[in-house]
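Trainee: Need the 3D shape of this:
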Amino acid sequence: MYETVSFIHSWWAYLVLIVLIIATLNSIIGFTSKKDYGATDFRLALFTLIVTHIQLLVGIVLYLVSPRLQAFSGEGGMGAVMKDSSLRLYLVEHPLIMLIAVVLVTVGYSKHKKKLVSRPKFKILSIFYALALLFVLSRIPWSAWF
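Mentor: Have a look, this model is predicted:
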């Protein structure tokens, strides 16, 4: 089961990254060019929200079935995990930062819906989605990707 969930999580991450980049660029371009916020922009923001939440759910399942999780209960416990950079990345840093990124996407999406004018909608999406993208890029386990 771990291998299957890991495979899905790894490949879905490419979709998350691509969609988040596109949505961020779209919102920045919309904000700077002062274009009207349309149905396509809404769908892109919503699709980004959906894709990131699916990745979060798959990530939680992966975390729970991961053999690395047993490191917490092993000798040394949390101290041993924090001393090992690989375990720390997979068990602490990556999950925490990705959770923060999903929260940023969720808050940005929710706040932008309350705005009535196009420019503030794009501004909120630009800020929150760009921050989420930076967080995601900072904690992707690049060595596992390539």
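Trainee: Is the residue of the chain most remote from its centre within a helix or a strand, and which one?
Mentor: Distance to the chain centre peaks in the chain at Glu75, reaching 31.7 Å (criterion: Cα atoms, centre = their mean). Glu75 belongs to no helix or strand when elements are defined using DSSP states H and E.
Trainee: From Leu44, how far off is it?
Mentor: Distance, Glu75 to Leu44, using Cβ to Cβ, to the nearest Å: 48 Å. In this view, the C-beta of every residue, glycine as well, is placed from N, C-alpha and C.
Trainee: Gly74 now?
Mentor: 44 Å.
Trainee: So which of the two has more stuff around it?
Mentor: The residue with more neighbours, out of Gly74 and Leu44, is Leu44; 19 against 10, by other Cβ atoms under 10 Å.
Trainee: Just the pLDDT at that one, thanks.
Mentor: Listed pLDDT for Leu44 reads 96.
Trainee: what's near enough to touch it?
Mentor: Listed by Cβ atoms under 8 Å, 6 or more residues apart in numbering, the contact partners of Leu44 are 19, 22-23, 26.
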